[in-house]
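[1] Fold the following.
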Amino acid sequence: MPVYATQVLVGTWQLVKFQDSNGTVIRPDDPAHYTLDFDDKGHIAVRFDCNRRSGTWGTSSKGEIHFGPLAITLAECPKGSLHNRLVKDWPLIRSYTQQNGQLFLALAAEGGSYHFEPVGPRKRQ
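    Here you go, the predicted model:
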């Protein structure tokens with residue numbers, strides 16, 4: 001994994017909000033139920049509300065990111081969950097940026113972006 005990517009991405013992140021291209025904002029009921037945990041070997045563990053998944057991630061240039069298929073658990077999440085939206089959007093994520101310690105994952109074709117904040121020790125950096 002390139003050094004620039006691991007310095008920016010490795011660690012645990014929780015969802016702050018999703019904003020679509022029209023400016024509509026959707027916030028999770030509990031950000032801790034929507035987490036990404038990147039490691040420096042190209043593996044990712046995710047929690048999309050009531051389901052946990054694992055997969056791979058990679059990058060070949062700064063700002064570009066791609067994810068492999070996710071192994072999935074199949075619990076049914078409560079009404080209002082962002083689970084289904086995240087599952088649908090996951091393969092469409094194409095790029096990342098970091099601003100003020102926050103992580104933004106953008107969808108292809110200006111489909112919107114997911115805003116994450118760091119969790120744990122990284123938060124103090």
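[2] how about the strands in the chain?
    Remark: strands assigned in the chain by DSSP state E are 11-19, 25-26, 34-38, 43-48, 51-58, 66-67, 71-72, 93-99, 102-107, 113-118.
[3] where does this structure have low pLDDT?
    Applying pLDDT under 70 to the chain flags residues 1-5, 121-125.
[4] mind running it again at 90?
    1-8, 59-62, 70-76, 78-80, 109-110, 120-125 (pLDDT under 90).
[5] Quick check, central residue of it?
    L36 (5.3 Å; C-alpha atoms, centre = their mean).
[6] Relative to K79, how far out is that residue?
    Remark: distance between L36 and K79 (C-beta to C-beta, to the nearest Å) = 24 Å. For glycine as for every other residue, the C-beta is placed from the backbone atoms N, C-alpha and C.
[7] Could you do A32 as well?
    For A32, the distance to K79 - C-beta to C-beta - is 19 Å.
[8] neighbour-wise, which of those two wins?
    Higher neighbour count among A32 and K79: A32, with 10 against 5, using other C-beta atoms under 10 Å.
[9] and the residue lying closest to that one once chain neighbours are set aside, bridged to which residues?
    Excluding its sequence neighbours, the residue lying closest to A32 (C-beta to C-beta, 6 or more residues apart in numbering) is Q14, at 5.7 Å. Beta bridges link Q14 to T35, E117, judged by DSSP bridges.
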